[in-house]
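Q: Make a model of this:
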Amino acid sequence: MMGTKKGLRAACSEPIDDLRRQAERVFAGRPPEPTDSSSEASPEELHRLIHELQVHQIELEIQNEELRRVQLELDASLSRYFDLYELAPVGYCTLSEQGLILKANLTLATQLGSPRGQLLVQRFSAFIVREDQDIFYRHRPKSRETTATVAFELRMVPKQGPLFWARIELRVLPAANGPLEYLLAVSDITPLKQLEESLRDLARFPSENLNPILRISQDGHLLYANEGALKHLVEWPLITGEPVPAELSETVARVLRKGSPCKLASSHRGTDWLCFVTPVPEASYANLFCIDVTERRRREDSLLKLNRSLEDQQQAQSTLLERLSARLLTAQDDERKRIALDLHDSLGQTLSALRLMGGRVVGANAKGKGGHLACTPAMMTILSGAIEEVRRISMDLRPSMLDDLGILPTLNWFLRGFKASHPTIQVNRRIRVAEGAIPEALKITIFRIVQEAFHNATQHGHASEIALSLSLARGTLSLSLSDNGKGFDPTAQDRASGGGGLGLSSMRERAESSGGTFEVLSSPGKGTQLVAAWPLSFGAPLLGPAEFGPRSAAAKAPEPSTPPSARTAPQRRAR
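A: As a prediction, the model looks like this:
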């Protein structure tokens, strides 16, 4: 009894001490069980045993709270995906309907030269050059009229740093009942603007430039074309003094009318050209300077495909997390139900029997018949069985042996219990690692994977032979579990998930969340092999003597006080 209590408290750490005190207070408020002396046990001994038993029952009910820790770990995994927002190469922020900054990522804070905390509840327009603020105010209402993104360019002034050109992409966030909000993306396009300025300078020396350069009059006639234009822009009929194609004529007329340059994309014999049309209003013509952007377009297409692939992967990860979260909640409910059934079917009935027998003893004593002498041995037997049942449930939740003795003795205990429950199944074991070489954090992971794998091999694979291998070689701790069962197609179905638990997904999640890898090798009719591996840092303890066969490791592990029953861990439902 005391050894089991020690294991439980070691597993649940200091918070369980508080739970123990809570359980003591709950029990103190209950009426005491009637006991009497006998030739074999005193009333004080019976009362102490019943007290310990009922306190253990309350402790087991409280241990369900450990499942909530798993939910917190899942939430932590989900929060890592929000880093994509903070570390994006583009500044992002959310604006209120009045134009106040509600949220901002770190990139935007860097662009605006201000700590993120100081950006909040400031007007976004305060960082826009005064002459360009009208551009922002004109486009903001347009975003409310369409579901598409509205894009425009303007100049921004950070609190610290030089003025820069920004491309603003603005769209309205959907809101059912809440206030209107905008999602805004800020891209620094200063290098592109500097390139445009350089292109204007280059356009003044067309004859020395290898890139295509054209000069077109306001009425759409070609005034000049250099050798590069005649060589590369073969899709356009370029004859000096003759009209140019309609798309060129319309573009030149528009830029001369607006007085601002624009860009024109064109393709000629498989080469992509980006043409910058610069107006010269005082001379009533426009210069057109083209650069080859074929390779850049290819890179942009590759980046676009990569971005879509990353978005698909992120969506898949989010979907997987949502699915795992739902399945985790189901697993928690199943675990609570299993523990409740264990408590009801075993401890509940045992305590009821003790109450009835105690009532008989009290009645017999009142009549002076001395019935307690006959009932006391039976009560002691029931109490012993109840204590063993408490130990079994405790070992099922978390084996105290794992904390007291280590993973290797726990595996030996588990295999002995499995062999006792499944005498027709042959179990081969090969352990080549010392206890001290296995990190403490991995021990419970290894035990749960072994537990789940043996359950799947018997309940789903119907195997007659199971092999377990645990070894450490070249800095890698490897766990292999194979069986000769019916096998399955890993790509088509998770064998264990059909049983209402997490199955293979649970084992994979345990291995990968602890820094390892997990691989499933199986095919219909050819059995199954599960391989989990964890890279260990250098400086780990050296290997001890190798352990082979079912007896060598078993000889080193002390016998548990209670042999595993038919309801021990090997026959639990898949979790």
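Q: where are the low-confidence patches of the stretch 251-400 of the chain?
A: Judged against pLDDT under 70, the low-scoring parts of the stretch 251-400 of the chain cover residues 331-335, 338, 340-348, 358-377, 379, 391-398.
Q: can you map out the strands along it?
A: In chain order, the stretch 251-400 of the chain shows strands spanning 262-268, 271-280, 285-292, with DSSP state E, counting those that start in this stretch as the criterion.
Q: Which of those sits closest to residue 513?
A: Go through the strands of the stretch 251-400 of the chain one by one with C-beta to C-beta and the one that ends up closest to residue 513 is strand 271-280, at 46.7 Å. (Each C-beta comes from the backbone N, C-alpha and C, glycine too.)
Q: now what about that closest one, what contacts it?
A: 196, 199-200, 203, 212, 232-233, 251-252, 255-256, 258-267, 286-294, 297 (C-beta atoms under 8 Å, 6 or more residues apart in numbering).
Q: Any of the residues you listed buried? List them.
A: Neighbour-count burial within those applies to 196, 199, 203, 212, 232-233, 251-252, 255-256, 261, 264, 266, 286-290, 293; the criterion is 16 or more other C-beta atoms under 10 Å.
Q: which regions of the stretch 401-550 of the chain sit below the pLDDT cut-off?
A: 493-502, 537-550.
Q: Please enumerate the helices of it.
A: Residue ranges of the helices in the stretch 401-550 of the chain, as given by DSSP state H, counting those that start in this stretch, are 407-421, 440-459, 503-513, 549-556.
Q: Which one, of those helices, ends up nearest to residue 160?
A: If you check each of the helices of the stretch 401-550 of the chain against residue 160 by C-beta to C-beta, helix 503-513 wins as the nearest, at 41.7 Å.
Q: Buried ones in that closest one, by neighbour count?
A: Judged by neighbour count (16+ other C-beta under 10 Å), helix 503-513 contains these buried residues: 503-511.
Q: helices or strands up against it?
A: helix 294-342, helix 440-459, strand 517-522, strand 528-535 (3 or more C-beta pairs under 8 Å, 6 or more residues apart in numbering; DSSP states H and E).
Q: got TSV for those, with distance to residue 117 too?
A: As requested, the helices and strands packed on helix 503-513 are arranged in TSV below (distance: least, C-beta to C-beta, whole Å):
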stretch	distance to residue 117
helix 294-342	28
helix 440-459	36
strand 517-522	41
strand 528-535	40
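Q: picking that back up, how about a markdown table for the helices of the stretch 401-550 of the chain, with distance to residue 533 added?
A: As requested, the helices of the stretch 401-550 of the chain are arranged in a markdown table below (distance: least, C-beta to C-beta, whole Å):
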| stretch | distance to residue 533 |
| --- | --- |
| helix 407-421 | 16 |
| helix 440-459 | 11 |
| helix 503-513 | 8 |
| helix 549-556 | 21 |
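Q: Among these, single out whichever gets nearest to residue 245.
A: helix 503-513 (59.2 Å).
Q: Name the residues of the helix or strand where residue 55 lies that are buried.
A: With the criterion set as DSSP states H and E, the secondary-structure element containing residue 55 is helix 43-62. The neighbour-count criterion (16+ other C-beta under 10 Å) identifies 46, 49-50, 52-62 as the buried residues of helix 43-62.
Q: How many residues are close by residue 520?
A: Residue 520 is flanked by 16 other residues according to other C-beta atoms under 10 Å.
Q: no no, residue 85
A: For residue 85, using other C-beta under 10 Å, the count is 12.
Q: so it sits right up against residue 94, yeah?
A: No: under the criterion of C-beta atoms under 8 Å, residue 85 makes no contact with residue 94, lying 10.8 Å away.
Q: Show me the beta-bridge partners of the closest residue to residue 260 other than its chain neighbours.
A: Leaving out its chain neighbours, the residue that sits closest to residue 260 by C-beta to C-beta, 6 or more residues apart in numbering is residue 279, at 7.4 Å. Partner residues in beta bridges with residue 279: residue 286, with DSSP bridges as the criterion.
Q: From residue 288, how far out is residue 279?
A: Distance of residue 279 to residue 288, given as C-beta to C-beta, to the nearest Å: 10 Å.
Q: so what sits against both of the two?
A: With C-beta under 8 Å, 6+ apart applied, the overlap between the contact sets of residue 279 and residue 288 consists of residue 252.
Q: Same list (the strands of the stretch 251-400 of the chain) but as TSV, adding distance to residue 167.
A: Shown next, in TSV, are the strands of the stretch 251-400 of the chain (distance: least, C-beta to C-beta, whole Å):
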stretch	distance to residue 167
strand 262-268	13
strand 271-280	16
strand 285-292	19
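Q: who wins for proximity to residue 399 among those strands?
A: When those are compared for distance to residue 399 using C-beta to C-beta, the nearest one is strand 271-280, at 66.8 Å.
Q: any idea of the mean pLDDT for stretch 225-232?
A: For stretch 225-232, mean pLDDT is 86.
Q: Just checking the distance from it to the centre of its chain.
A: 57 Å (C-alpha atoms, centre = their mean, to the nearest Å).
Q: Would you mind giving the domain segments of the protein?
A: Listed domain ranges for the chain are 2-68+333-397, 87-188, 194-292, 400-571 (source: automatic domain parsing).
Q: Ends of the shortest one, what's the gap?
A: To tie it back to what came earlier, the one meant is domain 194-292. Taking C-alpha to C-alpha, to the nearest Å, the span from the opening residue of domain 194-292 to its closing residue is 18 Å.
Q: Return the distance of it from the chain's centre.
A: Averaging C-alpha coordinates over domain 194-292 and over its chain gives two centres that are 53 Å apart (C-alpha atoms, centre = their mean).
Q: What count of nearby residues applies to residue 254?
A: Residue 254 has 14 neighbours, counted by other C-beta under 10 Å.
Q: If I follow the layout properly, it ends up in contact with residue 260?
A: No: under the criterion of C-beta under 8 Å, residue 254 lies out of contact with residue 260, with a separation of 9.5 Å.
Q: Am I right that residue 510 is in contact with residue 446?
A: No: using C-beta under 8 Å, residue 510 is not in contact with residue 446, being 9.1 Å away.
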